[in-house]
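S.K.: Have a look; sequence and predicted model below, questions after that.
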Amino acid sequence: MASMLVTGGAGFIGSNFVHLVLAETPGRVVVLDKLTYAGSLSNLQTLCQNPRFAFVRGDITDRACLESVFREHEPSAVVNFAAETHVDRSIDDPRPFVTTNIVGASELLEVARLYFKGLAPEQQQRFRFLHVSTDEVFGTLGSTGLFSEMTPYAPNSPYAASKASADHLVRAYAETYGLPALITNCSNNYGPYQFPEKLIPLMLLNALEGKPLPIYGDGGNVRDWLYVEDHCRGILLVLEKGALGAKYNIGGRNERTNLQIVDHICACLEALLPASANPSLQRQGVASYTALKRFVADRPGHDRRYAIDAEKIRRELGWEPKHNFESGIAKTVRWYCENRDWCREVQKGKYRRERLGLEKETA
């Protein structure tokens, strides 16, 4: 039975991908994850008894660990989700982003290269290395235009720069060594298992608890939102049918300002749990979720707008998202409301939903 190695498979997008692969393909999945604050075995708990699932705790910067995993599990594909991902944290301290996203990607590529080199010709024909990246590598857009696969890289945050560096390494390994590699660049994901530092789960949980809803700047920053299951289906399709050495943008064509996102979350919560029936709001005399909104100082270097042109993956591979923003956010709000225990567990001792990205001293 063919094995797929999924690095970072206990994180948000990675765990959703693992669930999808095990549900809809016959293959075996090996997850390698360091289990940082944003990765949790709680995301994979329902898979632990599945005979086609294996978990290894390890770091992609650890060459010996990687060599052991490749040797023992003999993957026919590698999908790399392992990364530090939160822009605000990269502003506070860029070093973990350089270590994991650049050095880790380099180690993973080198071990994969040597492993690929030792495979029999028929195994080499089947092997794939897919690197999952972000639209943030392209920088910022004005009020019009879309990021295509040909858009020049212009990263503006330490996080984006580290992901751009990894993309360049993957491309170089494909061109120089013939590693059968692919790259996907996605727009902003949302859905189940997202760590609550990100906009949508942060606003959801704060609203449920009657805490302020901090909105950066004027709230006019625009992102293209993609439901995580749609993204994962796109990744699987690229892995199975994508042209070797190619890049594919995966986006939802659901542009919203941050302020629109917060207002929509408030409306969804009002339908599920009216503010008048929420004890946290009642105790404070707050009549609506929108009354919790607070405009705060903007993030340094905050890109104004992202938007993805996903025509290539639609045209070449037939990918289409199954969810529009309204259906995806409704499912997301309901999931977080029904999984408050998960929310408490993943935050415990790690994160108090405090403001990040304020350029703290790191030396």
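M.R.: Structure received. Numbering: from 1, shown residues only.

S.K.: And the helices in this protein, which stretches?
M.R.: With DSSP state H as the criterion, the chain has helices at 12-24, 63-73, 87-92, 95-97, 105-117, 121-126, 158-177, 199-208, 228-241, 258-272, 279-284, 311-317, 325-338, 340-347.

S.K.: Can you report the mean pLDDT over the residues of the third one?
M.R.: For helix 87-92, mean pLDDT is 94.

S.K.: Likewise for the last one?
M.R.: The pLDDT scores in helix 340-347 average 91.

S.K.: Need the residues that contact stretch 106-124.
M.R.: Identification of contacts with stretch 106-124 by Cβ atoms under 8 Å, 6 or more residues apart in numbering yields 7, 60-63, 66-67, 70, 76, 78, 80, 82, 127, 129, 169-170, 173, 177, 179-180. The C-beta positions use only the backbone N, C-alpha and C, and glycine is treated the same way.

S.K.: one more time with 6 Å
M.R.: When contacts are defined by Cβ atoms under 6 Å, 6 or more residues apart in numbering, stretch 106-124 is touched by residues 60-61, 63, 66-67, 70, 78, 127, 129, 169, 173, 177, 179.

S.K.: Give me the buried positions along it.
M.R.: 106, 107, 108, 109, 110, 111, 112, 113, 115, 116 (16 or more other Cβ atoms under 10 Å).

S.K.: do stretch 286-300 as well
M.R.: 286, 289, 290, 292, 293, 299.

S.K.: what does stretch 247-266 give?
M.R.: Within stretch 247-266, the residues that qualify as buried are 247-259, 261-266, counting by 16+ other Cβ under 10 Å.

S.K.: Show me the shaky parts of the chain.
M.R.: The model of the chain has pLDDT under 70 over residues 1, 359-363.

S.K.: Confirm for me that residue 186 is in contact with residue 252.
M.R.: No. Using Cβ atoms under 6 Å, residue 186 makes no contact with residue 252, being 9.0 Å away.

S.K.: list the contacts for residue 17?
M.R.: Listed by Cβ under 6 Å, 6+ apart, the contact partners of residue 17 are residue 232.

S.K.: try it again with 7 Å
M.R.: Shown in contact with residue 17 (Cβ atoms under 7 Å, 6 or more residues apart in numbering): 6, 79, 81, 232, 235.

S.K.: for the residues you listed, which one is nearest residue 321?
M.R.: Taking Cβ to Cβ as the measure, residue 232 is the one of the contacts of residue 17 closest to residue 321, at 11.1 Å.

S.K.: Near that closest one, how many residues? Count them for me, please.
M.R.: The number of residues packed near residue 232 is 26, by other Cβ atoms under 10 Å.

S.K.: ok, it - contacts?
M.R.: Going by Cβ under 7 Å, 6+ apart, residue 232 touches 13, 16, 17, 20.

S.K.: Can you give me the neighbour number for the second one?
M.R.: Burial measure for residue 16: 24 neighbouring residues, criterion other Cβ under 10 Å.

S.K.: thinking again about what came up before, go through the contacts of residue 232 and say which is closest to residue 335.
M.R.: The closest of the contacts of residue 232, once distances to residue 335 are taken by Cβ to Cβ, is residue 16, at 11.3 Å.

S.K.: I'd assumed residue 230 was in contact with the closest one.
M.R.: No. Using Cβ atoms under 7 Å, residue 16 is not in contact with residue 230; the gap is 10.1 Å.

S.K.: Give the residue farthest from the middle of this protein.
M.R.: Relative to the centre of the chain, the most outlying C-alpha is that of residue 285, 36.7 Å out, by Cα atoms, centre = their mean.
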